[in-house]
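**Q** Structure for the following, please:
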Amino acid sequence: MSTPDSTPWQSPFAGAAHRFGDAPFVETPTETLSFAAFHRRASERGGGLSSQGIGVGACVCLPAARTVETLLLWAACWERGACVCTVDPAAPEDYTAARAAQAGCTHRAGVSLPGSRPFHTPETALVVFTSGSSGTPKAVCHGIPGMRHASRGTAAALDLRAGDRWLLSLPLHHVSGLSVVLRCAEAGAVCVLPPAGAPLAEALRSTQPTHVSLVATQVGRLLKQGVEPPASLRCALLGGGPSSASLIADALRGGYPVRNSYGMTETFAMIAVSRPDASADEAASAAEVIEPGTVRVGDGRIAVGGERLFLGYYRDGRLDPARDADGFFLTEDRGILDGDRLSVLGRADTVFISGGENVAPEEVEEALLRLDGVEEAVVVPVPHAEFGRVPAAFLRTRDGSLPEILALRAALAAALPRHCLPRAVFPWPADAPAPSAKPDRAWWRARADQLSADGPSKRTL
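**A** Coordinates of the predicted model:
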């Protein structure tokens with residue numbers, strides 16, 4: 001079944017069905033759908049959506065569990081020319097309702113939302129929220145051409161070929177997961193859905209992927225568990241935030257073919273990736289821009305342009321393109337560009353001033369992660385009578401012990417200037433937020449303020 005004439009685009013899934021036909025596309029532990037069968041089932045669902053008023057201009061709130069049904073409903077909406085807004089399937093009801101309202105959704109689970117009306121332009125195909133590491137998450141809008149361009153470029157950069165297998169190990173309410181599906185559709189590869197609830201180690205063993213996307217926490221846990229990569233694995237794409245050279249070195253020694261990447265929601269995932277033969281130090285410090293000329297650095301901040309860029313932010317019923325006069329999007333990330341080699345230094349919006357000096361938490365976290373036995377680190381500012389604010393570090397160590405603050409500062413003294421040395425160190429909380437691409441720094445600041453109020457100890461200065 002072809003895409004209806006009224007739709008403003010052809011669904012990428014329809015195009016993939018035409019190009020790859022009976023080749024396998026979506027695989028689960030119980031079934032495998034070819035590109036043609038997937039498109040056929042999505043088209044059948046799309047036919048039922050029209051009776052619910054879902055078509056061009058509609059925006060459907062989709063709780064995006066990693067299931068075939070989610071993928072089919074996503075594709076069915078695009079068959080009808082409707083926009084899809086993916087949200088966390090485990091989020092509380094109030095949070096989901098707020099995100100649906102913020103995104104201008106007209107429908108949820110096939111039901112028209114009271115008082116809603118189409119706001120989105122026909123070009124808007126996807127609304128996905130930033131991680132919200134600082135402030136309210138932003139509603140990022142993407143169009144089909146930009147997402148397909150990004151998917152094709154990324155697939156080529158990672159040598160993703162027809163018949164390859166990408167294990168979908170990241171959530172579908174972020175571009176880290178969504179982009180995997182579209183890369184497979186563009187390249188003719190198999191998108192492998194892991195068994196529900198299966199640990200990552202088990203999924204790697206049972207599915208034998210050629211590619212997988214991972215965040216640093218996942219890699220650290222695999223190494224700690226002594227999990228060897230499957231012989232089939234050609235690329236372990238590392239992203240979602242800074243990763244230490246020591247972690248990458250450990251992964252490479254463990255046989256994981258790590259490629260470290262940099263990207264964002266606004267560019268539909270990665271824009272730069274380390275070379276396949278890069279050393280751990282090189283991979284941790286710099287990545288090669290996929291499309292030369294699409295990245296700039298001015299006044300220390302990274303700006304991005306090109307076809308993969310998002311349409312804009314959806315705010316109060318309108319689309320804000322968020323571009324400068326040259327069509328570039330100014331990010332909140334600090335960096336250095338040397339030719340096409342990009343070094344990312346951390347977030348401009350996380351930098352704080354301590355005694356008149358700038359402190360970048362990511363820089364301190366990177367130094368902490370190089371210390372023997374440190375597995376996770378988060379650095380946030382806490383109030384200080386003399387310096388205004390000073391760095392405080394939360395540490396998760398291999399043996400569960402915590403260094404005294406003077407010993408920790410001494411261990412870091414050769415790597416960091418004095419104003420960046422932590423003046424407080426706290427144990428990793430048992431109720432810490434679940435691992436994600438970016439830490440919820442507001443949560444960590446609140447916990448640090450609470451612990452600091454308890455008064456000085458061996459772990460504070």
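
**Q** for Tyr313, which residues make a bridge with it?
**A** Taking DSSP bridges as the rule, Tyr313 bridges to Val140, Asp320.

**Q** The closest residue to Ile271 other than its chain neighbours: neighbouring residues, count only.
**A** Nearest non-adjacent residue to Ile271, counting by Cβ to Cβ, 6 or more residues apart in numbering: Gly263, 5.1 Å away. (Glycine included, C-beta is placed from N, CA and C.) Counted by other Cβ atoms under 10 Å, the residues lying close to Gly263 total 23.

**Q** Roughly how far does Gly263 sit from Ala287?
**A** Per Cβ to Cβ, to the nearest Å, Gly263 is found 10 Å from Ala287.

**Q** overlap in contacts of these two?
**A** Ala272 (Cβ atoms under 8 Å, 6 or more residues apart in numbering).

**Q** Tell me the confidence at the residue nearest to Ile271?
**A** Note for Gly263: predicted pLDDT of 94.

**Q** which ones are touching the nearest residue to Gly327 once chain neighbours are set aside?
**A** In this structure, Gly327 finds its nearest non-sequential neighbour in Gly305, 5.4 Å apart by Cβ to Cβ, 6+ apart. Residues near Gly305 by Cβ under 8 Å, 6+ apart: 293-296, 326-329.

**Q** And Leu395, by the same measure?
**A** Leu395 neighbours (Cβ under 8 Å, 6+ apart): 368, 374, 376-377, 402-403, 425-428.

**Q** Try it again at 10 Å.
**A** Neighbouring residues of Leu395 by Cβ atoms under 10 Å, 6 or more residues apart in numbering: 368-369, 371, 373-379, 401-403, 408, 422, 425-428, 459.

**Q** Repeat that for Ala98.
**A** By Cβ under 10 Å, 6+ apart, the contact list for Ala98 reads 87, 91-92, 136-137.

**Q** So it: helix, strand or coil?
**A** Under DSSP: H, G, I helix; E, B strand; the rest coil, Ala98 falls in the helix class.

**Q** just to revisit the earlier point, out of the contacts of Gly305, which are buried?
**A** Those of these that meet the buried threshold are 294-296, 328-329, by 16 or more other Cβ atoms under 10 Å.

**Q** quick one: which of these is nearest Leu319?
**A** Closest approach to Leu319 among the buried ones among the contacts of Gly305 (Cβ to Cβ): Phe329, at 13.5 Å.

**Q** ok, so of the contacts of Gly305, who is nearest Glu79?
**A** Nearest to Glu79 out of those is Phe329 (Cβ to Cβ; 29.8 Å).

**Q** show me the contacts for that closest one.
**A** Phe329 touches 264, 266-267, 302-306, 309-310, 312, 321-323, counting by Cβ under 10 Å, 6+ apart.

**Q** Same list (the residues you listed) but as JSON lines, adding secondary structure and distance to Gly46.
**A** Shown next, in JSON lines, are the contacts of Phe329 (DSSP: H, G, I helix; E, B strand; the rest coil; distance: Cβ to Cβ, whole Å):
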{"residue": "Met264", "secondary structure": "strand", "distance to Gly46": "31"}
{"residue": "Glu266", "secondary structure": "helix", "distance to Gly46": "28"}
{"residue": "Thr267", "secondary structure": "helix", "distance to Gly46": "28"}
{"residue": "Ile302", "secondary structure": "strand", "distance to Gly46": "39"}
{"residue": "Ala303", "secondary structure": "strand", "distance to Gly46": "38"}
{"residue": "Val304", "secondary structure": "strand", "distance to Gly46": "33"}
{"residue": "Gly305", "secondary structure": "coil", "distance to Gly46": "34"}
{"residue": "Gly306", "secondary structure": "coil", "distance to Gly46": "31"}
{"residue": "Leu309", "secondary structure": "coil", "distance to Gly46": "28"}
{"residue": "Phe310", "secondary structure": "coil", "distance to Gly46": "25"}
{"residue": "Gly312", "secondary structure": "strand", "distance to Gly46": "27"}
{"residue": "Pro321", "secondary structure": "coil", "distance to Gly46": "30"}
{"residue": "Ala322", "secondary structure": "coil", "distance to Gly46": "31"}
{"residue": "Arg323", "secondary structure": "coil", "distance to Gly46": "33"}
